[in-house]
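> Fold the following.
(2 chains)
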Amino acid sequence: MAFPSDRRIEHLLRRAGFGARPDELAYYGEMSVPQAVHALLDFEAIPDAVDDFIAQPGFVNTTIRGQFLPQSNIVDARQRWLFRMIHSDRPLQEKMTLFWHNHFATGYTKIAGTLGAAEAARYFAAKPSTDPARVQGQIEMLRENALGNFRDILLNIAKDTAMLVWLDGRTNTKAKPQENFAREIMELFTMGVGNYTEDDVYAGARVFTGWNLARPGAAAAGGQHYEFVYNAGQHDTAAKTFSFPIYGDGGKTIAARGAADGMQDGIDLIDALAASPITARYLATKLYRFFVTEFGAVNVNFVQRVASVFLRSRGDMKAVMREVLLSPEFWDESAYFARYSWPVEFVVRALKDIGWIGFSVNDALTPLSNMGQILYEPPDVAGWDTGPAWFSTGAMLARMNFASTIAFNQKVKLVSAVKAANASRTPDALLSYFSDALVTAPLDGGVRSEWSNYLRATGAWTGSDAQLEAKSSGLVHLIAGSPEYQLV
Amino acid sequence: MKVTRRQFVKGGVAAFTVTFAAPEFLTDVARAQGAHVRNLVVLYMSGGNDSLSMVIPYTDPFYASRRPSIAVPAGQVLQIGTDASRKALGLHPRLTGLKQIFDQGRLALIQRTGYENQSRSHFLGTDIWSTADPDNAQALGWVGRYLDSLPSPVDPLVGWNTTGSLPHVLQARTAVPAIANPAGYSFSSPNAGAEAAAERATALRIASHVPVDRPELAFVYGSSRAAMDTLDRVASVATYRGSPAYPNTGFAQALQAVAGAMSRSVGTRVFYVTTGGFDTHSAQNVNAVGGAYFNLMATLNDGLTAFYNDLRNQALLEDTLVLSFSEFGRRISENGSLGTDHGSASVMMAMGGRVNGGLYGTAPDLSPDPRNPTLENNAADVRYETDFRSVYAQVLENWLGTDSVRLLGGNFRKNGLAFV
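Numbering: from 1, shown residues only, chains lettered A, B, ... in the order given. Reported below is the predicted structural model:
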């Protein structure tokens, strides 16, 4: 069980991570706020050994069918990512990876339908260190660049195998330009709808003609794979004109250039989009909603400041996130618990708060689907519908029922913890214990007394093991399933 | 005043202060005496349906020439006659069930529906179709506004969304439950017996709270409350099995739940179902068995046909109107990936026991002449002939019995659209 130390550290870890394990609270709790922010930002200093702990005692379980193969089995890849969210000592890296996954939302099913299930999992989750052809899956690329340079991420995404299938870039040729990627790179990845024209989409499609896939590598030992290729013969070499500036001098036209050099067209457009003040504001607004608050109007000052750090630093996301996490808006009292948790945030935080020993992350996958979030399977390229949209009745029930599942799973351990903390003597001692362990947004009036009444509802307090099992698990179910616990 | 989504969240508290009432059950006796309710099933075909592959102008020479690899051969279409412009039309060959329903006069196809400067963005486009408001795509959904216009107190099961999250069409101040799977829509507990009952009673009492001055928290409370209040009625639907049996697709299973809710008279009036995969930029494969678009048509046809026959067997067909939409149609000429890119106007379907079936509006002339008045965007896309809001207006007035001008913010009534 986790217990509160410093409200500010908890707030920081709910946002820059997925809540806090007891050891995380102890570690960051000894730091000042700026120290903790820098420790989260400079995560390269912390060894990234978390995947080695899979299937080791003391960690959450995974469910293994034959072999655990996250690089070729999407269910295992999902398990591994949840494992990382719970146990990584680089919480901000995982949080930013999730942010980018939603931003560059790519769905597994279409890739699997095109390339087959095992190859599709590979292009999301393969790590170069273990892949026979050193393939790096999309999410691994996003993780490596979690706080890297935005322009680099955008260029990597344009060349990403899964993306080239997802938005059909692999079939973009000069005879038949493909608009899908060109539209979404402007609408969703950089500037936002309303900041480009239909003609820009057509020009963008021509810019990326020839950005296709090749299949090199020896067939033996899994070396054969798909990867980006610039196919000069399929590039439209004519000039392309946009409604917005492409070059520093305000020029809006990418001049005609020979096919051999034609890949530069796409790089010019990516550079322009990454350096655009409109992109800077679009991203700053998205970061505000993800890290600071979803309540009330977007804070214009914040957007202005973060956008200008983005532009000054030429898209250095570490500098940008330093500004976000040290901003007065982030630390304002009104920002505490002012976000609707995403399903994975809720699930991982509940496991960190309640306990994970003896629970398999595999058993969180169906509940997560019922809550509306399947990792590697955003509903479309716009990502998940967040905020209140997470809270349909069915999804709310799924959250309450997951709280029940984990409370049931941890029943016996909850009793040991209560006894060790000497919190079993009265219902109120039990209530204090668990409401400290599962921190929520301020409770609505009367909720605490409802919980207290529940503890007294089915008979006199004896403190017997049987009663402690029933009441501890019942109370944990009610707290983690409460509306207040859903806010982070 | 238009209510935006942000105001909806902010103003959510007031919405949830109403007391939920017991639904008006239509008893079997009443039904036997001929009483009818009017259920609306909104069907969203997500991704942008290539309606030229669904309702096919197979005699238009440019249909085949502009789609050399994905046109359906004229000999294979299911002929459904000619429209007012004397254009011969045929359904996709896999739509055999829908063809029968068409022949029975219970399927209306409203051609070239859309709006001026139609958005080619999936997201903005869906928002516009969902709100019926191109100028304020953040507004509440058009069906949501209808639910909000019902006399309060509004029962939380008045709407039933068969997907996991709330679609924009149903965004309202009234909470609409999301019931993706009625069997999973239950309250579980780590305990059994009296302990479990005590937890449920506590959860229900807490969910009845209405937090004051905390609209976002109140919104979560509202979902919690609506969930608790609908559990038992939804459980009664979970065991429903239609006849004939439904296919094992998500779409057909959702329709089975809809039929179950109607059959068990749980009080729902508006349902939302969806079938996806219509964003066929590549390998559209219209003709091959097992091809992408062929499968889309199979899922659509088999789900709707099972639903239609099940309702007919239960004498519920006259109570039901299915209305389809998609965010846009697709480009006329195929692209280099053997698919089609985002386009403009498309075909809407209306199906039900009191539908006046047939072809409404006229098909496009596919000639690539830039002056062709039935096309737009240099004759690349189909130009709309009937504003989609005219279709909504017809449904609002002639099916739901409400004032379309107020709900749509303007008079979109159109003559010749009496499909219901």
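
> Just give the number of residues close to the closest residue to chain A within the stretch 201-350 of chain B.
Shortest the stretch 201-350 of chain B-to-chain A distance, computed as C-beta to the nearest C-beta: residue-wise this is B:Gly336, at 2.2 Å. In short, each C-beta sits where N, CA and C put it, glycine included. By other C-beta atoms under 10 Å in any protein chain shown, 17 other residues sit near B:Gly336.

> so what's it up against?
Under the criterion of C-beta atoms under 8 Å, 6 or more residues apart in numbering or on different chains, the contact list for B:Gly336 reads A:171-173, A:175-178.

> how close does the closest residue to it other than its chain neighbours sit to A:Val165?
In space, and not counting its chain neighbours, B:Gly336 is closest to A:Lys176: 2.2 Å by C-beta to C-beta, 6 or more residues apart in numbering or on different chains. Counting by C-beta to C-beta, to the nearest Å, the separation of A:Lys176 from A:Val165 is 17 Å.

> higher neighbour count, these two?
A count of neighbours by other C-beta under 10 Å puts A:Val165 above the other of A:Lys176 and A:Val165, at 24 against 18.

> So, low pLDDT: which residues of the stretch 1-150 of chain A?
A:1-5 (pLDDT under 70).

> And the helices in it, which stretches?
Here the stretch 1-150 of chain A has its helices, by DSSP state H, counting those that start in this stretch, at A:7-16, A:22-29, A:33-41, A:74-87, A:91-103, A:108-115, A:117-125, A:138-144, A:150-158.

> Out of these, which gets nearest to chain B?
Chain B sits nearest to helix A:108-115 of all the helices of the stretch 1-150 of chain A, at 8.0 Å, using C-beta to the nearest C-beta.

> For that closest one, buried residues please.
Residues of helix A:108-115 classed as buried: A:108, A:110-112, A:114-115 (neighbour count, 16 or more other C-beta atoms under 10 Å in any protein chain shown).

> Read off the pLDDT value for the residue in the stretch 151-300 of chain A positioned nearest to chain B.
Closest contact between the stretch 151-300 of chain A and chain B, by C-beta to the nearest C-beta, is at A:Lys176 (2.2 Å). A:Lys176 is assigned 87 on the pLDDT scale.

> In three-state terms, how would it be classified?
Following DSSP: H, G, I helix; E, B strand; the rest coil, A:Lys176 is assigned to coil.

> doesn't B:Asn335 make contact with it?
Yes. At 4.6 Å, A:Lys176 and B:Asn335 qualify as touching, with contact defined as C-beta atoms under 8 Å.

> how far away is the spatially most central residue of chain A from A:Gly387?
Note on chain A: the residue nearest the mean C-alpha position is A:Leu98, at 1.4 Å, using C-alpha atoms, centre = their mean. A:Leu98 sits 16 Å away from A:Gly387, going by C-beta to C-beta.

> go on, A:Gly19?
19 Å.

> okay, those two: which has more neighbours?
Between A:Gly19 and A:Gly387, counting by other C-beta under 10 Å, A:Gly19 is the more crowded of the two (26 against 18).

> what comes up buried for stretch A:478-488?
A:478-488.

> again, but for stretch B:208-217
Those buried within stretch B:208-217 under the rule 16+ other C-beta under 10 Å are B:209-211, B:214-217.

> gap between the two ends of that stretch?
With C-alpha to C-alpha, to the nearest Å applied, stretch B:208-217 spans 13 Å between its terminal residues.

> That one and chain A, any residue contact?
Yes. Using C-beta under 8 Å from any C-beta of the partner chain, we find that stretch B:208-217 touches chain A at B:209, B:211, B:214, B:216-217.

> List the residues that contact the closest residue to B:Ala306 other than its chain neighbours.
Leaving aside its sequence neighbours, B:Ala306 sits nearest to B:Tyr246 (C-beta to C-beta, 6+ apart; 4.6 Å). Taking C-beta under 8 Å, 6+ apart, we find B:Tyr246 in contact with B:252-253, B:255-256, B:303, B:306-307, B:310.

> Can you name the two of these that sit furthest apart?
B:Gln253 and B:Asp310 (12.4 Å; C-beta to C-beta).

> Looking at the two, which has the bigger crowd around it?
B:Asp310 (25 against 18).

> got a list of what the residue nearest to the more buried one when sequence neighbours are not counted touches?
Distance criterion C-beta to C-beta, 6+ apart; nearest residue to B:Asp310, sequence neighbours excluded, is B:Gly242 at 3.8 Å. Shown in contact with B:Gly242 (C-beta under 8 Å, 6+ apart): B:256, B:259-260, B:306-307, B:310.

> One more: A:Trp390?
Neighbour list for A:Trp390: A:340-343, A:371-373, A:384, B:165 [criterion: C-beta under 8 Å, 6+ apart].

> Would you convert those residues into CSV that also reports pLDDT?
Below are the contacts of A:Trp390 laid out as CSV (pLDDT from 0 to 100):
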residue, pLDDT
A:Tyr340, 98
A:Ser341, 98
A:Trp342, 98
A:Pro343, 98
A:Met371, 91
A:Gly372, 89
A:Gln373, 94
A:Trp384, 93
B:Ser165, 72
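
> just these now: which is nearest B:Ser404?
Using C-beta to C-beta, the contacts of A:Trp390 come closest to B:Ser404 at B:Ser165, 27.6 Å.

> The closest one - that's part of a helix, no?
No. Under the criterion used here (three-state DSSP), B:Ser165 is coil, not part of a helix.
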